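Colleague: mind looking at a prediction? Sequence and model below.
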Amino acid sequence: MTNQTTSPTTITSLREFTTYIPVRLSPSERALLTVLESTLHVSEYTDNVDVSSNRYGYTYGGGSSYGSARLGSLKVKKILDGILEACHVATGLTICGGYDHPSTLMLSLSLDDDSGNKAGVGRLNGGWKKKKKKKNKERAEEGFNRDDGGGGRDLKSRKAAKQASKAEKKMMKKLKKQKKKNKKQSHSADSDNDNDLDGSLAPKMREMDRDGNDYEDESEDEAEDEGRNAETTTSTTAKTSSSSSPTNIYSNITSIASLTPKQNAKFFQNIFEIGRRNKVLNPSKMRGTYGKLMHLLQDAQSPSIAKSLGFTLYKDLVMVKPFLEMRGTSSILDDERLIGATMFIPTRDEYGNIIDRSIVNERVRRKKDLVDELLDEYSGSGPGSGSTITREELLLCIDSISDAIAVVESNVGPVNRMIYLLETNFDQHNKEKGFSLELRGSGNSFSSPSNRYGGGYGFGAFGSSFLSRDSSGPTLSHSHSTQYTFVWQSLHLWREVQMNMHRLWVCADDDLLSTTTSYQLLNTGQGLNRVQSCPKVGRVMRGLLVKTQKAAGSSWVGLSVIHLGDRDVPNALVFIDKYTQIPRFLKPIADFIDGIPEICADERIDAYVKDQFGSQRNLKMAVLADYFKHGFDGSGDDGGSCIDGRLTSSWNWTSRIAKKNYYHAFMLSGFQ
């Protein structure tokens, strides 16, 4: 087995690792997470926005099949109504749950400093940055994002807020002009219109649409009102800045029920960020609601939607390293004791053998002692400490690092075990009779490869037409030695991906919520999907591929194509979901192989195994040979030898395990 440590072993690697680790949720944030999940459970946002809009032929971001701007305005209305509906539901559930008191809300906002700065800003640039020169700032505002993690996200947020402010002013001008034209309107009606300025913008846009007005303001309106508004601009700006602080807003109320969605924007930013952060911390959670959350935020990040909405829902993820730097406790990241305080304590060794419980208990005790030492020394209550972090907040950060390392270890473990089983049970140059990895593919392929990505993404291109191929059998032809190398290289690449999954999660979040790249709603052959480019995820994946190729020490078998933003992997959400499944289907295989001696301790099961397979070893080799052969044979709808095709083939193998002759043995071991 390749004995490679997956946890950070040096303080330098640990400091870099914390750049991509979200802070664990506090108790008050977990309460708000329940509110968010309940809101998303009852929401039909994706169905109302994507499915219903596609029914009329409109594909957001890709134009309309009829070339009608009217269809575009209909979808904009659906998006705005869906966003505001989710905000209203979240507000109502928060009030019903008793979480609407300012004291509770401020607890959930405690990960921001007093000035309202976000702890996650600049997370991939190594924490807080000094203000750059004006020229660099202008370049950043124009979209020059040079790093792979979205370090310029704070500039994007300010730009979105600026656009929202302009949209509000335009809306006010339009409403004033509308009131002038309607001279017969009563004084009470005028008062109602004034009060609506602070309410939902969606009803106003519906009224303007019925009157035949566009969402964009007209230049003549701006010229007419420019002189009139010039005198009040300074005073209005001063009032806005003094009342925009979340602390000021929440200190003057007893419940968020009295606030409009725009005034309560800070609460919505926080609750949506909690959902995104929780998904990175717990990838197996929110499987039915995370897609809706990202689709809603993805639309809210669109500049045109942000203008009409009047406020932004985006907030940077709260990450460990920037948070510690903001609290003046970054020096803890240079303390060697942090490695021991966050280390992963396994209960089995690298070969699957159980570690003595006394050894595990001793390691746990030592780890707790190191945590207490760090808390006493670095928390704000510690002697001579110049930090502002509380003991509870510091413990959250240490636990967050420990959790992240445990997740990486648990995800990499099954991949390492499969590599070990491959290397110890198969010889690359000599094949064993009955357990050869040699493949003889059917030779089926796309009859028109040059047109695979041509002609759009319609049904004719990717449906069950003449361009499709038979994906039920192997499509690769490899000798035993070549297949061994192909599997070995694929497993090592998967290990690199699992080791960098937190980084990929953060990059996927940035790609999905980018303000510079839009999506197209297209039929990819797997249903409707939002096809969007993934530049940051792609950059990281290419780096991991190059690293694996260099470590292989031999020529790369198969293609090096990484599908991202196309029909195979439409967006970063699909990508991250696919690669989080690797431990889920590798662990049952490794557990079954390790558990064969245990289940065969039963005489009846042992007799069954000998009768069907001849011996316990033959059962083990039958399972391993079948997976290493047909789990990497290029089968599946999007199978092949490309990077994504390798994973698709394994998925396809898992769907057919019920038809295998060893399936009953799997069931006897407790496999579900």
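Modeller: Arrived safely, thanks for sending.

Colleague: what about residue 281, how many residues nearby?
Modeller: When neighbours are counted by other CB atoms under 10 Å, residue 281 registers 19. All C-beta spots, glycine's among them, are computed from the backbone N, C-alpha and C.

Colleague: for it, which non-adjacent residue is spatially closest?
Modeller: Closest residue in space to residue 281, ignoring its immediate chain neighbours: residue 22 at 5.6 Å, by CB to CB, 6 or more residues apart in numbering.

Colleague: what's that neighbour sitting at in phi/psi?
Modeller: phi -70, psi 150 (degrees, to the nearest 10).

Colleague: who touches it in this structure?
Modeller: 277, 280, 281, 317, 318, 319, 320, 400 (CB atoms under 8 Å, 6 or more residues apart in numbering).

Colleague: hang on, the second one in a strand?
Modeller: Put plainly, it is residue 280. No - read with DSSP: H, G, I helix; E, B strand; the rest coil, residue 280 is helix and lies in no strand.

Colleague: quick check: it touching residue 509?
Modeller: Yes - the pair residue 280 and residue 509 passes the contact test of CB atoms under 8 Å, sitting 7.4 Å apart.

Colleague: who has more neighbours out of these two?
Modeller: With other CB under 10 Å as the criterion, residue 280 and residue 509 differ in neighbour count, and residue 509 comes out ahead with 27 against 22.

Colleague: quick check: mean pLDDT of the helix or strand in which the more buried one is found?
Modeller: Using DSSP states H and E, the element containing residue 509 is helix 501-512. Per-residue pLDDT over helix 501-512 has a mean of 96.

Colleague: C-alpha coordinates for it, CSV please?
Modeller: Only the C-alpha atoms of helix 501-512 are listed here, as CSV (Å, rounded to 0.1, in the frame of the first residue of the first chain):
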residue,chain,number,x,y,z
MET,A,501,-12.1,18.5,-1.5
HIS,A,502,-12.5,21.5,0.8
ARG,A,503,-10.6,23.6,-1.7
LEU,A,504,-12.8,22.3,-4.5
TRP,A,505,-15.9,23.1,-2.5
VAL,A,506,-14.9,26.7,-2.0
CYS,A,507,-14.0,27.1,-5.7
ALA,A,508,-17.3,25.5,-6.8
ASP,A,509,-19.1,28.0,-4.6
ASP,A,510,-17.3,30.8,-6.2
ASP,A,511,-17.9,29.5,-9.8
LEU,A,512,-21.6,28.9,-9.1
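
Colleague: packing partners of that helix?
Modeller: With contacts defined as 3 or more CB pairs under 8 Å, 6 or more residues apart in numbering; DSSP states H and E, helix 501-512 has these neighbours: helix 265-281, helix 290-300, helix 391-425, helix 535-552, helix 572-579.

Colleague: out of these, nearest to residue 73?
Modeller: helix 290-300 (14.4 Å; CB to CB).

Colleague: so residue 278 sits right up against residue 40, yeah?
Modeller: No - between residue 278 and residue 40 no contact is recorded; they are 11.8 Å apart, counting by CB under 8 Å.

Colleague: which residues do those two both contact?
Modeller: residue 286.

Colleague: residue contacts, the closest residue to residue 294 other than its chain neighbours?
Modeller: Leaving aside its sequence neighbours, residue 294 sits nearest to residue 512 (CB to CB, 6+ apart; 5.4 Å). Contacts of residue 512 were listed using CB under 8 Å, 6+ apart, and they are 294, 297, 298, 532, 571, 572, 573.

Colleague: packing partners of the helix or strand containing residue 365?
Modeller: When secondary structure is defined by DSSP H and E, residue 365 falls within helix 357-378. Applying 3+ CB pairs under 8 Å, 6+ apart, we find helix 357-378 packed against helix 337-341, helix 391-425.

Colleague: returning to that earlier point: out of the helices and strands packed on helix 501-512, nearest to residue 660?
Modeller: helix 391-425 (17.2 Å).

Colleague: can you state the direction angle for that closest one and helix 572-579?
Modeller: For helix 391-425 and helix 572-579, the angle between their directions (axes from the mean of the first three to the mean of the last three CA atoms, to 10 degrees) works out to 60 degrees.

Colleague: which parts of helix 391-425 are buried?
Modeller: Counting neighbours by 16 or more other CB atoms under 10 Å, one finds that the buried residues in helix 391-425 are 393-398, 400-409, 411-422, 425.

Colleague: picking up where we left off before, what about the contacts of residue 512, which one has the most neighbours?
Modeller: Counting by other CB under 10 Å, residue 572 has the largest number of neighbours within those, with 28 neighbours.

Colleague: now it: closest residue in space that isn't a chain neighbour?
Modeller: Nearest one to residue 572, counting by CB to CB, 6+ apart, is residue 508 at 3.7 Å.

Colleague: can you pull the contacts of the one you found?
Modeller: 534, 536, 537, 572, 573, 575, 576.

Colleague: repeat that with 6 Å
Modeller: Listed by CB atoms under 6 Å, 6 or more residues apart in numbering, the contact partners of residue 508 are 537, 572, 576.

Colleague: from the residues you listed, which is closest to residue 252?
Modeller: Within those, distances to residue 252 taken as CB to CB reach their minimum at residue 572, with 40.3 Å.

Colleague: can you count the residues close to the nearest residue to residue 440 once chain neighbours are set aside?
Modeller: On the basis of CB to CB, 6+ apart, the spatially nearest residue to residue 440 that is not a chain neighbour turns out to be residue 477, at 5.8 Å. By the other CB under 10 Å criterion, the neighbourhood of residue 477 contains 15 residues.

Colleague: help me confirm that residue 477 is found in a helix?
Modeller: No - secondary structure of residue 477 (three-state DSSP): coil, not part of a helix.

Colleague: from what I can see it touches residue 486, true?
Modeller: No - the pair residue 477 / residue 486 is not scored as a contact, 11.3 Å apart, by CB atoms under 6 Å.

Colleague: let's test this: name the helix or strand in the chain with the lowest mean pLDDT.
Modeller: With mean pLDDT, DSSP states H and E as the measure, the helix or strand of the chain carrying the lowest mean pLDDT is helix 459-462 (a mean of 33).

Colleague: and the helix or strand following that one, what does it pack onto?
Modeller: Reading on from helix 459-462 to the C-terminus, the next helix or strand found by DSSP H and E is helix 480-499. Using 3 or more CB pairs under 6 Å, 6 or more residues apart in numbering; DSSP states H and E as the contact definition, the elements that helix 480-499 packs against are helix 391-425, helix 535-552.

Colleague: which stretches of the stretch 501-650 of the chain form strands?
Modeller: Ranges of strands within the stretch 501-650 of the chain are 520-523, 528-531, based on DSSP state E, counting those that start in this stretch.

Colleague: deepest of these, which one?
Modeller: Highest mean neighbour count among the strands of the stretch 501-650 of the chain (mean count of other CB atoms under 10 Å): strand 528-531, with a mean of 21.

Colleague: for that strand, packing partners?
Modeller: Using 3+ CB pairs under 6 Å, 6+ apart: strand 528-531 touches strand 520-523.

Colleague: the strand it packs on pairs with which strands, parallel or anti?
Modeller: When sheet partners are counted by DSSP bridges, strand 520-523 sits next to strand 528-531 (antiparallel).

Colleague: low-confidence stretches in the stretch 101-250 of the chain?
Modeller: Low-confidence segments of the stretch 101-250 of the chain, defined by pLDDT under 70, are located at 101-248.
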